[in-house]
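S.K.: Please find the sequence and the predicted model below.
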Amino acid sequence: MELTYRNIFLRSIVTGIFVTMLFSCEGNLQGVRDMEMPEDAPQAVGEGINLKYTDSGRVVATLRSDKMRDFTNKNFPYQDFPEGVEVEFYDDNNEKSTVTANYGVIYEDTGLIDLQGDVVIVTSDSTELTANQLYWDQNQNWIFTDLPNTIRFRNGALNEGMGFDSNQEFSNFRSRSNVGVQIIKEEQE
């Protein structure tokens, strides 16, 4: 093969392109490495969350939180709300019940919600429950805790106990140990 200026020029261009591609790939590879997240990092973070859950076009719940972290890429997927959470539930009559907590976790596989720190539930009939931690099993529509809790009923009755189980409407309530004040109406004949 005869070396001509044209061949040398073409070889120089090909070599230049190859070297440029090599360095540009290294630069992109380093950029990808820089974007790698630690193993315990969430796959997504949301701020100023305001979600609305609907059923057949009717709002059944709203969820608000300053921050949500999504760990659904883990072996045991979950989402947490490290800066607190507020959830409003609406029944068939559009009556609202509210749940607030300083921290919340939703476990995707089990349907269990763990609420912690100043947990307060106010039902549509003004029943108020406070506890340090509360679990809600979404699959069974069941609420429970093993920790101290206080329930103030609409009629003024008060129940302070250590642990309880209840359906989410509080119509089937079982307290494990408690003291309280019960209001009983006497009927006169």
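M.R.: Perfect, thanks for sending it. Numbers count the residues shown, from 1 in each chain.
S.K.: could you point out where the protein is predicted with low confidence?
M.R.: Within the chain, the ranges that satisfy pLDDT under 70 run 1-12, 14-38, 178-184.
S.K.: ranges for the helices of it?
M.R.: 5-35 (DSSP state H).
S.K.: can you pull out the strands in it?
M.R.: Counting by DSSP state E, the chain has strands at residues 44-55, 58-70, 78-81, 85-90, 96-101, 103-107, 112-122, 128-137, 142-152, 158-167, 173-175, 178-181.
S.K.: Output those strands as a markdown table; include the columns mean neighbour count and distance to Ile13.
M.R.: For the C-beta atoms, the positions are set from N, CA and C on the backbone; glycine is no exception. Shown next, in a markdown table, are the strands of the chain (neighbours: other Cβ atoms under 10 Å; distance: least, Cβ to Cβ, whole Å):
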| stretch | mean neighbour count | distance to Ile13 |
| --- | --- | --- |
| strand 44-55 | 11 | 45 |
| strand 58-70 | 16 | 48 |
| strand 78-81 | 20 | 53 |
| strand 85-90 | 20 | 61 |
| strand 96-101 | 19 | 65 |
| strand 103-107 | 20 | 58 |
| strand 112-122 | 19 | 63 |
| strand 128-137 | 19 | 68 |
| strand 142-152 | 18 | 73 |
| strand 158-167 | 17 | 77 |
| strand 173-175 | 14 | 82 |
| strand 178-181 | 13 | 86 |
